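Participant: Predicted model and sequence below, questions to follow.
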Amino acid sequence: MKLKCIIVDDEPHARKLLLGLTKKYGNHLAEIIGEAEGIPGLMELLHTLKPDLVFLDLEMGSGFGFDLFSKIENQTFDVIITSAHPQYALKAFEFGIADYLIKPISPSVFVRGLERVIKIQKKDEDKLIQINTADGQANILASKIYRIEADRNYSWVHGSFGSSIFTSKNLGYFESQLASSGFFRVHHSHLVSIKKIVKITKVDGNLEMEDGTIIPVSREKGKNLSAILKKNSNPEK
């Protein structure tokens with residue numbers, strides 16, 4: 001696994017140092033696919049790129065790094081804070097960051113941070129999701145789930161684990177549980193695994209899933225979904 005990364009820092013020298021660390025010491029673990037001077041620039045990149053990891057500075061001319069977490073709806077990437085200010089570390093981990101690296105960053109600490117993110121993301125792929133059923137509780141690997149469909153305040157879970165499961169958990173529950181496992185809410189009634197999408201058609205904007213199911217996509221979600229699919233090299237017709 002090779003992480004796709006974006007660097008966010010208002011100092012060109014700091015961005016250059018991170019780029020150098022990646023090329024010299026972490027080339028087998030990561031690649032830099034974009035750079036931004038602040039949160040506004042990052043938000044623009046997120047519309048066209050789908051990073052696995054964001055290196056995020058905190059004190060920048062355009063705002064504070066923590067502003068990112070109030071601006072994103074569905075976070076599908078991990079964050080490593082890169083800061084010269086250790087006093088923000090405790091608060092940073094409350095946002096669920098993967099690591100907090102103090103500048104100047106040593107090569108060994110940098111590589112260890114990348115390795116940590118890879119372990120986290122692999123764990124997310126193998127994450128067990130608890131599903132309440134009429135017969136008790138089922139534990140399903142996230143990687144086995146194709147899609148989840150709302151049925152009023154309940155849900156149907158569909159995948160490669162056998163018969164579909166009807167559960168009392170609503171779609172919001174699954175959205176929060178599966179956000180880090182590559183799932184995207186394409187419609188108020190549908191949550192899908194990005195990896196299980198075969199294509200999105202330009203004619204009607206519907207999705208075709210690996211199991212042959214056709215899923216509608218809401219207009220507001222369509223643009224973000226198209227960008228994600230392009231970055232993941234899924235065919236678009």
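Facilitator: Looks like it came in fine. Numbering: from 1, shown residues only.
Participant: Residue 173 should be in a strand, yeah?
Facilitator: No. Residue 173 is assigned helix when assessed by DSSP: H, G, I helix; E, B strand; the rest coil, not a strand.
Participant: Apart from its chain neighbours, what residue comes closest to it?
Facilitator: Nearest residue to residue 173, sequence neighbours excluded (C-beta to C-beta, 6 or more residues apart in numbering): residue 155, at 7.9 Å. C-beta here means a position set from N, CA and C on the backbone, and glycine is covered the same way.
Participant: same deal with residue 159?
Facilitator: Leaving aside its sequence neighbours, residue 159 sits nearest to residue 145 (C-beta to C-beta, 6+ apart; 4.2 Å).
Participant: tell me, how many neighbours does that neighbour end up with?
Facilitator: 24 (other C-beta atoms under 10 Å).
Participant: ok, now the one 10 residues further on?
Facilitator: The number of residues packed near residue 155 is 23, by other C-beta under 10 Å.
Participant: And the one 5 residues further on, by the same measure?
Facilitator: Applying other C-beta under 10 Å, we find 13 residues neighbouring residue 160.
Participant: Could you do the one 5 residues further on as well?
Facilitator: A total of 21 residues lie near residue 165 under the criterion other C-beta under 10 Å.
Participant: what's the domain layout of this protein?
Facilitator: For the chain, automatic domain parsing gives the domain ranges 3-125, 128-231.
Participant: Including mean pLDDT, could those domains go into JSON lines?
Facilitator: Shown next, in JSON lines, are the domains of the chain (pLDDT from 0 to 100):
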{"stretch": "domain 3-125", "mean pLDDT": "93"}
{"stretch": "domain 128-231", "mean pLDDT": "87"}
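Participant: Show the backbone phi and psi for residue 111.
Facilitator: phi -60, psi -40 (degrees, to the nearest 10).
Participant: whoops, I mixed them up, residue 138
Facilitator: phi -110, psi 140.
Participant: same deal with the one 3 residues further on?
Facilitator: Geometry field for residue 141 lists phi and psi as phi -70, psi 140, criterion degrees, to the nearest 10.
Participant: looking at it, it is touching residue 131, isn't it?
Facilitator: No. Residue 141 lies out of contact with residue 131 (C-beta atoms under 8 Å); the separation is 11.4 Å.
Participant: quick revisit: return the distance of the residue nearest to residue 159 relative to residue 205.
Facilitator: Separation of residue 145 from residue 205 (C-beta to C-beta, to the nearest Å): 23 Å.
Participant: Now do the same contact list for the spatially most central residue of the chain.
Facilitator: What sits nearest the mean C-alpha location of the chain, by C-alpha atoms, centre = their mean, is residue 76, with 1.1 Å. Residue 76 is in contact with 50, 179-180, 182, 184, 228, counting by C-beta atoms under 8 Å, 6 or more residues apart in numbering.
Participant: Take those and keep only those in strands.
Facilitator: Of those, the ones assigned to strands by DSSP state E are residue 184.
Participant: okay if I get the contacts of residue 76 as JSON lines plus neighbour count and distance to residue 97?
Facilitator: What follows is the contacts of residue 76, written out as JSON lines (neighbours: other C-beta atoms under 10 Å; distance: C-beta to C-beta, whole Å):
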{"residue": "50", "neighbour count": "21", "distance to residue 97": "19"}
{"residue": "179", "neighbour count": "17", "distance to residue 97": "15"}
{"residue": "180", "neighbour count": "20", "distance to residue 97": "12"}
{"residue": "182", "neighbour count": "20", "distance to residue 97": "19"}
{"residue": "184", "neighbour count": "21", "distance to residue 97": "21"}
{"residue": "228", "neighbour count": "21", "distance to residue 97": "22"}
